Every structure is written in structure tokens, then in C-alpha cells.
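A.B. asks: Next input, structure requested:
(one chain, ligands or ions: 2)
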Amino acid sequence: MTAPRGTVDWFATRGTPLQGSHRVPGDKSVSHRAIMLASIADGTTTIDGFLEGEDTRATAEIFRQMGVAIDAPAPSRRVVHGVGIDGLQAPRGPLDCGNAGTAMRLLAGLLCGQAFDSALVGDRSLSARPMQRVMEPLRAMGARVESHDGQRPPLRIRGGAALHGIDFTPEVASAQVKSAVLLAGLYGAGETVVREPRPTRDYTERMLGQFGWPVEHSPGLARLRGGHRLRAIHVQVPADFSSAAFLVVAATLVPGSEVLLPAVGINPRRTGLLAVLRAMGADVAAIDEREQGGESVADLRVRHAPLSGIAVPEDLVADMIDEFPVLAIAAACARGTTVIRGAAELRVKESDRISAMAQGLRSLGIAVQETLDGAVIEGGTLRGGRVDSRGDHRVAMAFAVGGQVAASGIVVRDVANVATSFPGFDMLARTAGFGLHAR
Ligand SMILES: O=C(O)C1=C[C@@H](OP(=O)(O)O)[C@@H](O)[C@H](O)C1
Ligand SMILES: C=C(OP(=O)(O)O)C(=O)O
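C.D. replies: Ligands and ions are numbered 1, 2, ... in the order given. Next up is the predicted model:
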């Protein structure tokens, strides 16, 4: 397990109306996958817009440990000298995924197909997250993967397994599970098919196609065969919708706000929050929709608008799985009741996000009823107080947004983890108008 970091807290208070144009960092999901596929491609891939977050840097470091030369000639740029589909080398020690579930689960799939043994470790939060969801299908493909207690990290992977494709229907809708199976499928004999209970983000399928690997996919289905090769490309990473979401909600809540967020990825498997916020009354326009590096992007223009509570449609849950902490803040400030169901996955993220948000909001004076797979949130007036992020980046940023409308300041405990997905959030947020300071 990796060592915990020192504790940093924020004091989040009302600032000024949010204004201006703000570039949020690159997409985390795309950045992880770009490093992985570029590393096992033939030739040199340049990645622009790479997320300089702890999660994605951990992935790059892991491939360096497996013999891939990765240059960082400028911030947010990586030049990856691919070693080819069978060119990775045995690492000298355990591979540290830090806080990144995406890194660990996708790598589990990729490493099953290698000739060498490997071990995947993570920090305290990641070490508590479920891994059977990837180990079971990978074993069904012939992989030899074990966890220390049969469920949680560290993972040990024995090399040299003869993998074969499977036709797999996961129990949970998870892009990480789907991607682990597809990445193992690159090394498997025959066909690998994943049929999802609900469609999830499709970056692995799309990016494999861009790197020249034949993949058939449609929402909820992905199919490929082993035995091809990947060819280096240029990857342009869009701005991360999940990071933009904190500014979208803050600008919606703070009277007098109008912000522009350029070139944000609007892949429909990510933008469920937009549909929900609009149904609640938000004024968010996607301007100049265009394609950038094979992904749809748009400039998001957000103006303040009053919100009303809704029942969040369950079929949007997977399309906004990382946005529930900040949606809970929007719901707390809306008129009426917001009902979230079908979101039990939130309990096994970096923290139990249902419990973390319910407890924090209650301590700020909001009535929240927690259910097994969601919450019922009564809109009201946020008062100031002290909340614990539980070391979860998205919970921390959500309460920083809450501080912009709370009657008095909110102390958000333990926010260092924000650097995993949104380095520089506090500075960018302050520039936009947030009242937000470290303490
Ligand atoms: O594939 C990915 O890049 C991700 C998938 C989601 O996880 P699940 O697959 O566990 O839902 C999401 O929560 C995570 O932030 C990134
Ligand atoms: C759940 C998340 O990431 P991961 O699963 O990669 O840790 C997240 O970023 O909200």
C-alpha cells in the first residue's frame, strides 16, 4: 500500500459571481487510455492535453517501469515511444496505481496478457475497492490473477497465461470492467465480446479503433479479436467534463454568474449531468460542437439559474457516475426534492460517496435520507460548517462549490486528493470567482 499524504483543508466561502473563460484540465479517462495504448503501439505517439494529475501520472510511471520511454517535453504533453504489443518488459517491483481505480482495473486486463509476472498496488482508498469484478472475467479468459483476500488489492498477476476470448455480460455497468476485458482480449485467441447492462463510457473501444485495431461497438456492446497490432497516432485529449461539472454547478448556483468552459468533451456517455441540470432549470449551452481527435467537444456557456428538484432518471446514472457529489450540492440548493436511485456504485468509489455527501449535507442543515442505492435530498439553505471529504477528490470539490452559496463558510477537511483528477482546481476556481483558501 502506498503511504498516505499530509492533510490539507479548505475554507470555502462566498466569492464573487463566476465570470470569464476557464480551461479545465484534460480528461482523466482518455489520458489513462492514451498512455496505455500508446505504450503498446508501434511507433511514437504524441499526447496533447494530457491530464497532469496524480492518477494519470501514476499510469505513465507504471509504463516507464515496464521499459517504455515517455518524454514530457511540456506540461500536458507526452511523447510515448511505443514498444509494440509484446514489447513490455518485466517491472522490477510492484506497480503503484496510487488512488486510481481506472489504472488498476485496466492494467489488470492488460497485464494478464504479458509473458512476465506483475503486482498492482494502490493507496489506502484503492486498497479497499472491489476487484472481483475484473478478476472473475479475466480468469474466465484463462488469466492467472489473485488478490491478497480474494477481493481487494494488491493484485498478483502471473505471466505467460494462454488467454482466450469470452462473451461476457458484467453484473455492474462499469467502463473499467469492460475495458479490462477488452484489453485482455487483445492478447486472447478468438473473439471477446462485452454486453453491458447499461452503456458506459466507450473510450477504450473508440481509441483502439483510432490506433488501428478493428473493434465493433455500439452503445452497450463491444467486440474485438486478438492478434492485431496498434499503430501510433496523435491523441488530443478533450477537457474533462467531470472537472468542468464543478464550475457548471457553481455558475448555475451563484447569482450573476456567466462562465465559458472551452473544448470540453461531450461524449454522450459522460454528459448525463447536463440533461439532469437542464431538467432542473439550469442554463447551460453547448456552443460550437465539433470533433477534436475523434471525440466531440463543445464550449460550455453557463449562466446562473434557479433549480428545482427532480427524480434523476436511472438510465442516466452511468452517464454521470462521477457527478453525483456535485449534483447533491445542486439538489441541496434546489427548490423541492431530488431523488437519486440506482446508483449503488457510488458506495465503492474513492469513498462511499452516498454516505459522504449525506453526512456532509446534513451537517450543513440539509435534510437527506440515505438509501442503499441513492438518496432523497430536500432542497433548503446551506449553512456553514465543517465537512469531511473522506479523502475523496470529488466530494472535496463538491463541498467547495457548496461554500459559494452557504450562509457562512464551509471548512472542507482533507482535500489533497483533488490533485488526482483536477490539479490546480483551487487556483482556477479562485480566478473564476470562488472564495476558496487552504488552511
Ligand atoms: O473507465 C473509466 O475511465 C472510468 C469509469 C468509471 O468507473 P466504473 O467503471 O467503475 O464505473 C468512473 O467512475 C471512473 O472515474 C473512470
Ligand atoms: C471513480 C473515479 O476514479 P477511479 O475509479 O479511476 O479511481 C473518479 O475519478 O471519480
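A.B. asks: going forward, measure contacts and count neighbours with C-alpha atoms only.
C.D. replies: Noted.
A.B. asks: Could you give the number of residues near A34?
C.D. replies: 30 (other Cα atoms under 10 Å).
A.B. asks: for the one 5 residues further on, same thing?
C.D. replies: Look at S39: counted by other Cα under 10 Å, it has 31 neighbours.
A.B. asks: what's the closest non-adjacent residue to it?
C.D. replies: Excluding its sequence neighbours, the residue lying closest to S39 (Cα to Cα, 6 or more residues apart in numbering) is G82, at 4.3 Å.
A.B. asks: Show me what secondary structure element comes after the host helix or strand of L183.
C.D. replies: Assigned by DSSP states H and E, L183 falls within helix 175-185. Downstream of helix 175-185, the first helix or strand assigned by DSSP H and E is strand 191-195.
A.B. asks: Can you check what angle separates that following strand from helix 175-185?
C.D. replies: With axes from the mean of the first three to the mean of the last three Cα atoms, to 10 degrees applied, the angle from strand 191-195 to helix 175-185 works out at 170 degrees.
A.B. asks: and the next element down the chain from strand 191-195?
C.D. replies: That would be, after strand 191-195 and using DSSP H and E, helix 203-210.
A.B. asks: tell me which parts of the protein are close to ligand 2?
C.D. replies: 99-102, 322, 349-350 (Cα under 6 Å from any ligand atom).
A.B. asks: now the helices: where do they sit in the stretch 251-400 of the chain?
C.D. replies: For the stretch 251-400 of the chain, the helices defined by DSSP state H, counting those that start in this stretch cover 272-280, 324-332, 353-363, 393-402.
A.B. asks: do you know which of the ones you listed lies nearest T16?
C.D. replies: helix 393-402 (12.6 Å; Cα to Cα).
A.B. asks: quick one, that closest one and helix 324-332 angle?
C.D. replies: 30 degrees.
A.B. asks: Check which helices and strands helix 393-402 sits against.
C.D. replies: Helix 393-402 sits against strand 10-13, helix 241-253, helix 324-332, helix 353-363, strand 410-413, with contacts defined as 3 or more Cα pairs under 8 Å, 6 or more residues apart in numbering; DSSP states H and E.
A.B. asks: Tabulate those (a markdown table), appending distance to ligand 1.
C.D. replies: Below are the helices and strands packed on helix 393-402 laid out as a markdown table (distance: least, Cα to the nearest ligand atom, whole Å):
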| stretch | distance to ligand 1 |
| --- | --- |
| strand 10-13 | 23 |
| helix 241-253 | 9 |
| helix 324-332 | 10 |
| helix 353-363 | 11 |
| strand 410-413 | 21 |
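A.B. asks: Can I get those in TSV including mean pLDDT and mean neighbour count?
C.D. replies: Compiled in TSV, those are given as follows (pLDDT from 0 to 100; neighbours: other Cα atoms under 10 Å):
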stretch	mean pLDDT	mean neighbour count
strand 10-13	98	24
helix 241-253	99	26
helix 324-332	99	26
helix 353-363	98	21
strand 410-413	98	25
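A.B. asks: how about the ones you listed, which one is nearest A119?
C.D. replies: That would be, of the helices and strands packed on helix 393-402 and by Cα to Cα, helix 353-363, which comes in at 27.9 Å.
A.B. asks: Distance-wise, check H228 relative to G113.
C.D. replies: 14 Å (Cα to Cα, to the nearest Å).
A.B. asks: correction: M141
C.D. replies: Remark: distance between M141 and G113 (Cα to Cα) = 10 Å.
A.B. asks: what sits in contact with each of the two?
C.D. replies: Shared contacts of M141 and G113 (Cα atoms under 8 Å, 6 or more residues apart in numbering): 163, 188.
A.B. asks: Same drill for the two, tell me which one is more crowded.
C.D. replies: A count of neighbours by other Cα under 10 Å puts G113 above the other of M141 and G113, at 28 against 24.
A.B. asks: Flag the shaky bits of the stretch 101-250 of the chain, pLDDT-wise.
C.D. replies: Scanning the stretch 101-250 of the chain for pLDDT under 70 picks out nothing.
A.B. asks: Near ligand 1, which residues of the stretch 151-300 of the chain are found?
C.D. replies: Close to ligand 1, as judged by Cα under 6 Å from any ligand atom, the stretch 151-300 of the chain has residues 174-177.
A.B. asks: Please work out the angle formed by the directions of the helix holding L183 and helix 203-210.
C.D. replies: Going by the same axes, to 10 degrees, helix 175-185 makes 40 degrees with helix 203-210.
A.B. asks: Check which helices and strands helix 175-185 is in contact with.
C.D. replies: helix 101-112, helix 132-140, strand 191-195, strand 221-225.
A.B. asks: Now do the nearest residue to G160 once chain neighbours are set aside against ligand 2, distance only.
C.D. replies: Leaving aside its sequence neighbours, G160 sits nearest to A115 (Cα to Cα, 6+ apart; 4.2 Å). Distance, A115 to ligand 2, using Cα to the nearest ligand atom, to the nearest Å: 26 Å.
A.B. asks: Now do A115: how many residues are near it, please.
C.D. replies: For A115, the neighbour count with other Cα under 10 Å is 17.
A.B. asks: Quick check: it is in a helix.
C.D. replies: No - read with DSSP: H, G, I helix; E, B strand; the rest coil, A115 is coil and lies in no helix.
A.B. asks: ok, it - contacts?
C.D. replies: Counted by Cα under 8 Å, 6+ apart, A115 has contacts 159-161.
A.B. asks: Same question for R201.
C.D. replies: 175, 267, 269-270, 319.
A.B. asks: next one: phi and psi at it?
C.D. replies: Phi and psi for R201, reported as degrees, to the nearest 10, are phi -50, psi 140.
A.B. asks: For the stretch 1-150 of the chain, which segments count as helices?
C.D. replies: Remark: helices assigned in the stretch 1-150 of the chain by DSSP H, counting those that start in this stretch are 28-39, 54-65, 101-112, 132-140.
A.B. asks: Out of the ones you listed, the one nearest ligand 1 is which?
C.D. replies: helix 28-39 (3.7 Å; Cα to the nearest ligand atom).
A.B. asks: which helices and strands sit right next to the closest one?
C.D. replies: By 3+ Cα pairs under 8 Å, 6+ apart, helix 28-39 packs against strand 42-48, helix 54-65, strand 77-83, helix 101-112, helix 203-210.
A.B. asks: domain parsing for this structure?
C.D. replies: 10-26+238-438, 28-236 (automatic domain parsing).
A.B. asks: can you give me the end-to-end distance of the first one?
C.D. replies: Start and end residues of domain 10-26+238-438 are separated by 4 Å (Cα to Cα).
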